[in-house]
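K.L.:
sequence? don't have it. structure:
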């Protein structure tokens with residue numbers, strides 16, 4: 001009976017129906033993450049009037065943020081998880097844009113925390 005074409009068709013249809021909701025949810029989460037990234041990037045460009053980064057350095061900083069946001073699904077994170085992500089962004093910034101002084105990086109991270117919270121609440 002397993003070699004019956006109808007059985008295989010039904011089995012394949014059932015498998016597709018089980019996969020589709022997950023795929024749609026994953027696509028929805030990815031779209032939300034892109035929306036948050038766009039919001040944060042807009043905020044970082046505006047905040048750069050204070051930091052006065054070169055366009056190249058600002059692009060590097062935004063790329064670091066984008067990478068971190070796109071890594072994981074947008075779910076409510078504990079304070080420890082949020083701080084881990086912030087530290088990863090801070091460490092990557094210091095590594096990839098080493099010419100920035102620590103005070104500027106600290107300002108950038110503080111702005112990122114506030115604007116990130118704002119942008120993630122708007123999703």
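P.N.:
Perfect, thanks for sending it. Computed from a predicted structure; not experimentally measured.
K.L.:
quick one: the helices in this structure?
P.N.:
5-51, 55-71, 79-96, 102-121 (DSSP state H).
K.L.:
could you export those as a markdown table, including mean pLDDT?
P.N.:
Output for the helices of the chain, formatted as a markdown table (pLDDT from 0 to 100):
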| stretch | mean pLDDT |
| --- | --- |
| helix 5-51 | 76 |
| helix 55-71 | 93 |
| helix 79-96 | 90 |
| helix 102-121 | 89 |
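K.L.:
spatially nearest residue to residue 105, not counting backbone neighbours?
P.N.:
Closest residue to residue 105 apart from its sequence neighbours, by C-beta to C-beta, 6 or more residues apart in numbering: residue 93 at 5.6 Å. Every residue, glycine included, has its C-beta placed from N, CA and C.
K.L.:
burial of that neighbour, as a residue count?
P.N.:
Residue 93 is flanked by 21 other residues according to other C-beta atoms under 10 Å.
K.L.:
wait, it sits on residue 106?
P.N.:
No: here residue 93 does not reach residue 106: they are 10.3 Å apart, not a contact under C-beta atoms under 8 Å.
K.L.:
roughly how far apart are residue 122 and residue 54?
P.N.:
Remark: distance between residue 122 and residue 54 (C-beta to C-beta, to the nearest Å) = 29 Å.
K.L.:
residue 71: what's it in contact with?
P.N.:
Shown in contact with residue 71 (C-beta atoms under 8 Å, 6 or more residues apart in numbering): no residues.
K.L.:
my bad, should have said residue 70
P.N.:
Counting by C-beta under 8 Å, 6+ apart, residue 70 touches 30, 33, 37.
K.L.:
how about 7 Å then?
P.N.:
When contacts are counted by C-beta atoms under 7 Å, 6 or more residues apart in numbering, residue 70 touches 33, 37.
K.L.:
quick check: residue 94 touching residue 106?
P.N.:
No: the criterion here is C-beta atoms under 7 Å, and residue 94 misses it with residue 106 at 10.5 Å.
K.L.:
residues near residue 42, how many?
P.N.:
Residue 42 has 13 neighbours, counted by other C-beta under 10 Å.
K.L.:
pull the number of nearby residues for residue 77.
P.N.:
Here the count is done by other C-beta under 10 Å, and residue 77 has 13 residues near it.
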